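Predicted model follows, preceded by the sequence.
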2 protein chains.
Amino acid sequence: MTTGLSIGQVAERTGLSVHALRFYEREGLLADPVRRESNGRRVYTEDDVEWLDMCIKFRSSGMPLDTIRKYADLVRQGPGNEQDRLALLRSHEDHVTAQIQELAECLSVISHKVDCYSQHLAAGTADCLWGAPSTTTNTSAAS
Amino acid sequence: MTTGLSIGQVAERTGLSVHALRFYEREGLLADPVRRESNGRRVYTEDDVEWLDMCIKFRSSGMPLDTIRKYADLVRQGPGNEQDRLALLRSHEDHVTAQIQELAECLSVISHKVDCYSQHLAAGTADCLWGAPSTTTNTSAAS
DNA sequence: CTAGAAGCTAGAGCGCTATCTAGGTCAAGC
DNA sequence: GCTTGACCTAGATAGCGCTCTAGCTTCTAG
């Protein structure tokens, strides 16, 4: 299992494109440099794949590449800066929490509209309030 | 209260920039055309502001402008297409739900790392697993 | 031996969502 | 009259995160 993976295999495993993999590497998002075969081809390890999975989690929770790079830099520098890494992670954690919070609010507004529309469609009456439920409870204007 | 609002006032109220307001209008995101004063200046109503607030909810939950435009088109067309509006809203609702789901997963991974780091920092040991907790529980490699 | 698949680099291009610029109009106050 | 500030349009530019292209090498199978 210490076989070493080609870029194609890693692409398949992670769901990233080979383009994206090379791009991430160029951008310095990888914790340690990808090794190469004698012919110059990239050889990835399982650890690389794990790191990439981590990056994917970061990305899909909205961490900008720039921040991932900073994190990778810290890791590359080796032990001694764990406080910084922790700070970065905590800050992103907060960010994600806030995002979820915001999405939940949006969802409630949207679900409210959905309910509205489906009720009125079921009843035959065809109009629906459009205000957010919690704000100025307006009682005109259809959408 | 039926005063009519200037673009600047609407910007202030909604948090959108005046640029964005004009942009949204050009892009056809508004349910009904903004009226103008004799001198060409935009006059917004409270309903416009509500619609914009709705758009902001859509946007901040990841609905592309294109979809908002479609929705606005439907509303502009008037009664008769409520099924379509409902379908659009439902689909976005699903989308947002999925997004929240995904963010929650990311958050759990990130929080796990945060816990890891803070524990090990507190204890003085300075390394930390980096794998996602649920997947192949790897026990090497520090990050 | 040859074809085809996979890899390489450097760099251009794209989709989205604004945001800003240039070059003006208009109304109010000093 | 002149300045100030809010507003107007059309279009250029920007930032992000890829994604693709061009042109080339290398490995593998038939």
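That came through, no problem.

Show the contacting residues for the residue of chain A found nearest DNA strand C.
Using CB to the nearest atom of the strand, the closest approach of chain A to DNA strand C is made by A:Gly8 at 2.7 Å. All C-beta atoms are positioned from the backbone trio N, CA, C, and that covers glycine. By CB atoms under 8 Å, 6 or more residues apart in numbering or on different chains, the residues touching A:Gly8 are A:Val18.

quick one: which helix or strand includes it?
Element membership for A:Gly8 (DSSP states H and E) is helix A:7-14.

and the next helix or strand along the chain from that helix, does that touch chain B?
Beyond helix A:7-14 in the direction of the C-terminus, DSSP H and E gives the next helix or strand as helix A:18-26. No: residues of helix A:18-26 contacting chain B under CB under 8 Å from any CB of the partner chain: none, with a closest distance of 15.5 Å.

what residue is smack in the middle of chain A?
In chain A, the C-alpha nearest the mean C-alpha coordinate belongs to A:Ser60, at 1.1 Å (CA atoms, centre = their mean).

what sits against it?
Here A:Ser60 is in contact with B:Glu102, B:Cys106 (CB under 8 Å, 6+ apart).

What mean pLDDT does stretch A:107-126 get?
Per-residue pLDDT over stretch A:107-126 has a mean of 88.

what's the angle between the helix or strand that contains A:Gln101 and helix B:82-123?
In the assignment (DSSP H and E), A:Gln101 maps to helix A:82-123. Helix A:82-123 and helix B:82-123 are oriented at 160 degrees to each other (axes from the mean of the first three to the mean of the last three CA atoms, to 10 degrees).

The residue nearest to A:Glu37 when sequence neighbours are not counted is in what secondary structure piece?
Among residues not flanking A:Glu37 along the chain, A:Val43 sits closest, at 5.7 Å (CB to CB, 6 or more residues apart in numbering or on different chains). Secondary structure from DSSP H and E places A:Val43 in strand A:42-43.

Buried residues, the very next helix or strand once past that strand. List them.
Beyond strand A:42-43 on the C-terminal side, the first helix or strand identified by DSSP H and E is helix A:46-60. Neighbour counts over helix A:46-60 (16 or more other CB atoms under 10 Å in any protein chain shown) mark A:46-59 as buried.

farthest-separated two in those residues?
Distance extremes for these: the farthest pair is A:Glu46 and A:Arg59 at 20.1 Å, using CB to CB.

Tell me the residues of chain A that contact DNA strand C?
A:6-9, A:11, A:18-19, A:22, A:26, A:36, A:40-42 (CB under 7 Å from any atom of the strand).

Endpoint to endpoint, stretch A:12-27 covers what distance?
21 Å (CA to CA, to the nearest Å).

pLDDT averaged over it - what is it?
95.

hmm, who's touching it?
A:5, A:7-8, A:10-11, A:30, A:34, A:42, A:49, A:52-53, A:55-56, A:65, A:69.

6 Å instead?
Stretch A:12-27 has contacts (CB atoms under 6 Å, 6 or more residues apart in numbering or on different chains) with A:Ile7, A:Ala11, A:Val34, A:Val49, A:Leu52, A:Leu65.

Could you dump the buried residues of helix A:46-60 into TSV with pLDDT added?
Formatted as TSV, the buried residues of helix A:46-60 follow (pLDDT from 0 to 100):
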residue	pLDDT
A:Glu46	94
A:Asp47	94
A:Asp48	95
A:Val49	95
A:Glu50	95
A:Trp51	96
A:Leu52	96
A:Asp53	96
A:Met54	96
A:Cys55	97
A:Ile56	96
A:Lys57	97
A:Phe58	97
A:Arg59	96
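
From the residues you listed, list the ones also adjacent to chain B.
The subset of the buried residues of helix A:46-60 within reach of chain B, counting by CB under 6 Å from any CB of the partner chain, consists of A:Asp47, A:Glu50, A:Met54, A:Lys57.
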